[in-house]
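**Q** prediction below, plus the sequence it came from.
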Amino acid sequence: ALALREFGDFHWDIDRQVTDGEWVALEGSWRGLYKGRPFATRFATWLRLRDGKIARHIDFMDYPTFRRMTSPGGTAAR
């Protein structure tokens, strides 16, 4: 929860969605501000749905790009 205070506005652009039974996979870009620095990185999320609720949630993201863009002296998002 502490890290959440460091984020400014952010959003996800979903490029692709695949479903298979209880599972949904999403792929796209995550953009926003972290500690005042802009970032844009790729992500994938897997959701397992049961009874209309999220039973499992797994995130993957391009963390090296996120760190490079949000570190002091890093490359800003374009």
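**A** Cool, got the structure. Numbers count the residues shown, from 1 in each chain.

**Q** report all helices and strands that the lowest-mean-pLDDT helix or strand in the chain contacts.
**A** Sorted by mean pLDDT, DSSP states H and E, the helices and strands of the chain end with helix 63-70, the least confident at a mean of 89. Packing partners of helix 63-70 (3 or more C-beta pairs under 8 Å, 6 or more residues apart in numbering; DSSP states H and E): strand 37-50. (Each C-beta comes from the backbone N, C-alpha and C, glycine too.)

**Q** let's see that with 10 Å instead.
**A** strand 23-34, strand 37-50 (3 or more C-beta pairs under 10 Å, 6 or more residues apart in numbering; DSSP states H and E).

**Q** give me the pLDDT value at Gly73.
**A** As predicted, Gly73 sits at a pLDDT of 71.

**Q** am I right that it sits in a helix?
**A** No - under DSSP: H, G, I helix; E, B strand; the rest coil, Gly73 falls outside any helix and is assigned coil.

**Q** just to revisit the earlier point, from the chain's centre, how far out does the least confident helix or strand of the chain sit?
**A** Computed by C-alpha atoms, centre = their mean, to the nearest Å, the chain-centroid distance of helix 63-70 equals 12 Å.
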